[in-house]
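1. mind looking at a prediction? Sequence and model below.
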Amino acid sequence: VRSGETAGNMEEVLERLSEFIERDLDLKSKVMGTLLYPLIMVIVSFFVLVILMMVVVPKITQIFADMEKALPWNTALLIKISQIGGKYWWAFLIGAPIAALLFTVWKQSPGGRTLWDRFKLNVPLFGMIIRYLAVSRFTRTLGTMFQAGVPLLRALDISKFVLGNVVLQRVIDGAQEGIREGDSIANQLKKSPYFEP
């Protein structure tokens, strides 16, 4: 919307935004449909694992204790985890929401946001998809602004916000410095591993 206001072609920008939102919602519904069954299986498996650790392992532990034999390290570790989980289950129920809250607060801090955005870009497979989506949005917005005759540095300054990623926005900031000194946008962007030649 900001680029449309600056470029003076709000109708085209809103039409493009509408198409993007429709595609995005369609993609999200397909992904959710695909991931629903695995998600249900993960949740069911988690509860089965909890029941095994809390009910079955303690009973088997008693059998091993009666035999008075040395156990392999992995069996001993499993028994120890079961004992700790049985005693401190309440700590997990309290700690999980607190950990989620602390993660959210950390993610919104400047340093945390940078680390999280860099992590998202480097996740195998999904990082590439996130990067391609962000860069395609950026180049489409930048192209729209060029067509309307907006100066390059101003267009870059506005377009960088559609990236939605602090790391990528810093690449654009660095490119702006080089462009001010007379270099081309292509030379500046291909210095970054996130913008492919």
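-> Okay, I see it. Residues are numbered from 1 along each chain as shown.
2. show residues contacting stretch 151-168.
-> Applying Cβ atoms under 8 Å, 6 or more residues apart in numbering, the contact partners of stretch 151-168 are 2-3, 6, 113-114, 117-118, 120-121, 130-131, 134-135, 137-138, 141-142, 145-146, 150, 169, 172-173, 175-176, 179-180, 185, 194. Just so you know, the C-beta spots here come from the backbone N, C-alpha and C atoms, and that holds for glycine as well.
3. got the CA positions of that stretch in PDB?
-> Extracted in PDB, the C-alpha atoms of stretch 151-168 (Å, rounded to 0.1, in the frame of the first residue of the first chain):
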ATOM      1  CA  PRO A 151      13.700   7.100  -7.800                       C
ATOM      2  CA  LEU A 152      15.800   3.900  -7.100                       C
ATOM      3  CA  LEU A 153      16.900   4.700  -3.500                       C
ATOM      4  CA  ARG A 154      13.400   5.700  -2.500                       C
ATOM      5  CA  ALA A 155      11.900   2.600  -4.100                       C
ATOM      6  CA  LEU A 156      14.400   0.400  -2.300                       C
ATOM      7  CA  ASP A 157      13.700   2.100   1.000                       C
ATOM      8  CA  ILE A 158       9.900   1.400   0.700                       C
ATOM      9  CA  SER A 159      10.200  -2.000  -1.000                       C
ATOM     10  CA  LYS A 160      12.500  -3.500   1.700                       C
ATOM     11  CA  PHE A 161       9.600  -3.600   4.200                       C
ATOM     12  CA  VAL A 162       7.700  -6.300   2.200                       C
ATOM     13  CA  LEU A 163      10.600  -8.700   2.800                       C
ATOM     14  CA  GLY A 164       9.400  -9.200   6.400                       C
ATOM     15  CA  ASN A 165      12.900 -10.400   7.400                       C
ATOM     16  CA  VAL A 166      15.400  -8.200   9.300                       C
ATOM     17  CA  VAL A 167      18.400 -10.000   7.700                       C
ATOM     18  CA  LEU A 168      17.100  -9.400   4.200                       C
END
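4. show me which positions of that stretch end up buried.
-> Within stretch 151-168, the residues scored as buried using 16 or more other Cβ atoms under 10 Å are 155-156, 158-160, 162-163, 165, 167-168.
5. any idea of the mean pLDDT in that stretch?
-> For stretch 151-168, the mean pLDDT works out to 85.
6. next one: it to chain centre, how far?
-> Chain-centre distance of stretch 151-168: 20 Å, with Cα atoms, centre = their mean, to the nearest Å.
7. residue nearest the middle of this protein, spatially speaking?
-> residue 120 (4.3 Å; Cα atoms, centre = their mean).
8. what is the longest helix belonging to the chain packed up against?
-> Counting residues, the longest helix found in the chain (DSSP state H) is helix 10-51. With contacts taken as 3 or more Cβ pairs under 8 Å, 6 or more residues apart in numbering; DSSP states H and E, helix 10-51 sits against helix 2-7, helix 126-147.
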